[in-house]
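Student: fold the following and give me the result.
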Amino acid sequence: MGKVVNKKGSGVFQTSHTSLYGLKVMERCPSTTQVISVRCEFCVYFGVEIDDTKAPRVRATKTTFMAWKRPFRVDKFQNHHKSQHASSWATYQTCSFDQQVQFFTSIRTPYANTMLAHVNSGPAATPLKFNIQPAIVDVFVGDMFFHPDDQGGTTQKNALKLFKRVDGGIDSEGDHYEVVLSNRDQFKMVVRNLSRGASFLQCVHIHDDIKEVLGITAKTRQLIERCDSTW
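Tutor: Alright, predicted model coming up:
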């Protein structure tokens with residue numbers, strides 16, 4: 001049987017881990033100068049990434065910055081980065097040591113200091129949940145919204161994945177579909193645009209423009225360009 005690896009180790013923080021894992025030392029022991037706590041810089045400068053391809057979150061996205069205290073464990077750093085900052089962490093790993101050192105300082109405005117970081121926080125972050133009659137999803141969405149040639153295609157299947165079939169339900173609702181919208185403000189913007197006469201395609205373009213102006217869609221591209229360029 002192979003030797004069991006102790007993930008905890010000594011628990012003492014290694015200075016090289018600040019650049020290796022994108023961390024910042026927040027507190028040291030006055031007498032020994034040993035590190036007491038460190039903070040995730042990805043949380044500060046990029047915020048938590050939301051994967052729209054996964055099922056909507058039932059709980060609100062965290063708005064606090066992740067921090068660790070002794071014993072410090074590398075696997076904890078890695079697991080957090082992979083789950084909360086997947087794309088920026090992946091790009092960070094491709095950078096050289098010098099690029100990693102300047103990775104966060106080259107950003108003019110940290111994510112935490114932007115208006116975007118405060119949108120959908122607190123009570124506003126509570127997901128919206130709707131129960132929809134089966135005929136609306138099966139007939140209007142599944143059939144009428146798609147050309148006969150697209151029936152059973154990838155686009156239709158992806159659209160219908162948003163709706164979860166519930167048999168029976170509660171409060172005598174009977175069979176119905178359930179849909180959960182994790183981003184309340186995005187949903188409100190789409191409804192407002194539709195009420196102004198915009199088409200669904202126009203709503204998509206408007207929403208993309210908003211994300212572009214606020215710097216949401218540009219994050220990943222900027223990260224890649226930053227590592228490809230020479231500082």
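Student: show me where the chain dips below the pLDDT cut-off.
Tutor: 1-10, 50-63, 107-126, 168-173, 214-231 (pLDDT under 70).
Student: how is it partitioned into domains?
Tutor: With domains defined by automatic domain parsing, the chain comprises 17-122, 128-214.
Student: tally of neighbours for residue 96?
Tutor: In terms of burial, residue 96 registers 10 neighbours under the definition other C-beta atoms under 10 Å. In this view, the C-beta of every residue, glycine as well, is placed from N, C-alpha and C.
Student: got the phi and psi for it?
Tutor: Note on residue 96: its backbone torsions stand at phi -80, psi 170 [degrees, to the nearest 10].
Student: can you tell me how far it sits from residue 17?
Tutor: According to C-beta to C-beta, to the nearest Å, residue 96 and residue 17 sit 17 Å apart.
Student: for residue 196, same thing?
Tutor: Distance of residue 196 to residue 17, given as C-beta to C-beta: 51 Å.
Student: got it, and residue 157?
Tutor: 43 Å.
Student: between the two, tell me which one has more neighbours.
Tutor: Neighbour count, other C-beta under 10 Å: between residue 157 and residue 17, residue 17 has more, with 16 against 10.
Student: in this structure that one contacts residue 78, no?
Tutor: No - if you go by C-beta atoms under 8 Å, residue 17 and residue 78 don't touch, sitting 10.9 Å apart.
Student: determine the set of other helices and strands touching the helix or strand hosting residue 192.
Tutor: Assessed by DSSP states H and E, residue 192 sits inside helix 184-195. With contacts defined as 3 or more C-beta pairs under 8 Å, 6 or more residues apart in numbering; DSSP states H and E, the packing partners of helix 184-195 are helix 200-214.
Student: between the helix holding residue 192 and helix 200-214, how big is the angle?
Tutor: 130 degrees (axes from the mean of the first three to the mean of the last three C-alpha atoms, to 10 degrees).
Student: can you give the distance of stretch 189-208 from its chain's centre?
Tutor: Centre-to-centre, stretch 189-208 and its host chain are 23 Å apart (C-alpha atoms, centre = their mean, to the nearest Å).
Student: how about it: buried residues?
Tutor: 190, 193, 203, 206 (16 or more other C-beta atoms under 10 Å).
Student: and that stretch, end to end?
Tutor: Stretch 189-208 has its terminal residues 12 Å apart, counting by C-alpha to C-alpha, to the nearest Å.
Student: do the same with stretch 30-44
Tutor: End-to-end for stretch 30-44, by C-alpha to C-alpha: 26 Å.
Student: show me what counts as buried in that stretch.
Tutor: Neighbour-count burial for stretch 30-44, counted by 16+ other C-beta under 10 Å, picks out 35, 38-44.
Student: same question for stretch 133-140.
Tutor: By 16+ other C-beta under 10 Å, the buried positions in stretch 133-140 come out as residue 137.
Student: residues in contact with it?
Tutor: Stretch 133-140 is contacted by residues 160, 163, 165, 175-177 when judged by C-beta atoms under 8 Å, 6 or more residues apart in numbering.
Student: where along the chain do the helices fall?
Tutor: 17-20, 41-45, 74-84, 86-94, 97-102, 134-135, 154-160, 184-195, 200-214, 218-228 (DSSP state H).
Student: out of those, deepest packed?
Tutor: The highest average neighbour count among the helices of the chain, using mean count of other C-beta atoms under 10 Å, belongs to helix 41-45 at a mean of 22.
Student: which strands and helices lie in contact with that helix?
Tutor: The contact analysis (3+ C-beta pairs under 8 Å, 6+ apart) places helix 41-45 against strand 23-28, helix 74-84, helix 86-94.
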